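Chemist: What follows is a predicted structure for the sequence shown.
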Amino acid sequence: MTVFRYPPFYSYPPSFTLQPVKATREKQLKLWCDLVLSYCKHYKIFKLSVTDSANSSLFANTAIDRKLSLAAVEEVFSRLVSMGYGEWLNKEANVCLIYWRRPYEWAEIIYDWVERSGKRKSILTFYEIRFSEDTAEFEFHGIDPELLLRSLQVLESQGKCAVFEGKTNDDLVRIVS
């Protein structure tokens, strides 16, 4: 895997303090949101904990000894959610599903794979879609199960698949038509 390249603002110390002027703060939050999305896409990260992220290289630049505060990190995540690029996975709003591709985009990619691979009218499990050799070359390989479910629900709403739940989470089965 290639090394992730941080954008120039990441090396600028004032970027790690949320600015008080509204227009500047808005631009700054947009930069941080773009960074989160690029970082997650690069590393194929689908879910982030706010607390864990605040202490990671995503929000802490050791080269300049600067770190975004936990409150600022929370604001970045809240902005991602409000813009439709994230979804809180719990009431505490401390774990977020990151949409570097939105569910409808994943749905299109997955259905394209279904059609190309001749899987129409077949029964597939979550595991097959997420980890089979057939999907290894596709961007959705290894997709988070909750994001996969949301993407399949998009296809279900379009009449392209039916979602059935098995006895265990591992047995979740998707019938793609």
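Modeler: Good, I have the coordinates.

Chemist: what pairs with the residue nearest in space to the middle of the chain across the strands?
Modeler: The centroid of the chain falls nearest to Ile98 when counting by C-alpha atoms, centre = their mean (2.8 Å). In this entry, Ile98 is beta-bridged to Gly86, by DSSP bridges.

Chemist: quick one, what contacts it?
Modeler: With contacts defined as C-beta atoms under 8 Å, 6 or more residues apart in numbering, Ile98 is in contact with 36-37, 40, 45-48, 80, 85-86. Backbone N, C-alpha and C define where each C-beta goes, glycine included.

Chemist: Could you list the low-pLDDT ranges of this structure?
Modeler: For the chain, the stretches with pLDDT under 70 are 167-177.

Chemist: Flag every buried residue along the longest helix seen in it.
Modeler: Taking DSSP state H as the criterion, the chain has its longest helix at helix 22-43. Neighbour-count burial for helix 22-43 flags 28-29, 31-33, 35-37, 39-40 (criterion: 16 or more other C-beta atoms under 10 Å).

Chemist: Contacts for it, please.
Modeler: In contact with helix 22-43 (C-beta under 8 Å, 6+ apart) are residues 1-2, 4, 6-7, 9-10, 15, 18-19, 45-46, 48, 58, 68, 72, 75-77, 79-80, 83, 85, 98, 100-101.

Chemist: Off-centre distance for stretch 91-99?
Modeler: In terms of C-alpha atoms, centre = their mean, to the nearest Å, the centre of stretch 91-99 is found 10 Å from the chain centre.

Chemist: For that stretch, list every residue counted as buried.
Modeler: 94-99.

Chemist: can you give me the helices for this structure?
Modeler: Listed in chain order, the helices of the chain (DSSP H) span 22-43, 50-54, 70-82, 103-116, 126-131, 145-157.

Chemist: Cool, thanks, talk later.
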